[in-house]
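Participant: Predicted model follows, preceded by the sequence.
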Amino acid sequence: MAGADQATTAGAFSVNRRLLSRRKLLKAVAALPLAYAAPLCAEPPPAQAITPALIAAATKEGQLTWYTSADSQLAEKVGKAFEQKFRGVRVRVERAGGERIFSRVAQEYASGLHVADAVSTGDAAQFLGVEAARTASALRA
């Protein structure tokens with residue numbers, strides 16, 4: 001009798017009593033993006049003021065490296081406009097897809113390199129991975 005009760009209980013548990021109903025599962029899946037979007041609602045850091053010292057340091061370095069997923073023509077126009085405004089600073093535009101950009105930045109941070117001066121992409125969720133890599137890099141130092 002005990003063997004029959006176990007089979008019935010096991011069968012009832014797997015068929016009649018689900019751990020998660022379909023509705024509960026759909027609610028959980030629908031709420032998941034909200035949990036990941038919460039950090040994106042945080043306020044961005046304040047913009048750094050453009051001071052004569054900052055311009056002098058940039059001119060001394062002579063080059064700004066910008067990783068972007070923006071359209072190539074647009075990125076080149078923005079780079080040329082920057083070069084016209086800040087004479088003596090050449091802009092090197094590195095155009096790639098968002099995932100490739102973040103992979104490259106993560107590899108650079110992992111090896112202690114900080115090549116990119118500016119990074120822009122339409123995939124904001126991947127910035128969380130970059131922030132985690134930056135934090136891990138800072139903790140190792």
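Facilitator: Okay, I see it.
Participant: what ranges do the helices span in the protein?
Facilitator: Secondary structure of the chain (DSSP state H): helices at 2-11, 22-37, 52-61, 72-85, 98-110, 127-140.
Participant: For the longest one, the averaged confidence score.
Facilitator: The one in question is helix 22-37. Taken as a whole, helix 22-37 has a mean pLDDT of 68.
Participant: okay, Glu99: pLDDT?
Facilitator: On the pLDDT scale, Glu99 is placed at 83.
Participant: My error: substitute Ala106 in the last question.
Facilitator: Per-residue confidence for Ala106 comes out at a pLDDT of 82.
Participant: next one: Ala49
Facilitator: At Ala49 the predicted local confidence, pLDDT, stands at 87.
Participant: Count the residues that sit near Val91.
Facilitator: Around Val91 sit 19 other residues, with neighbours defined as other C-beta atoms under 10 Å. Quick note: C-beta positions are derived from backbone N, CA and C, even for glycine.
Participant: All set now, cheers.
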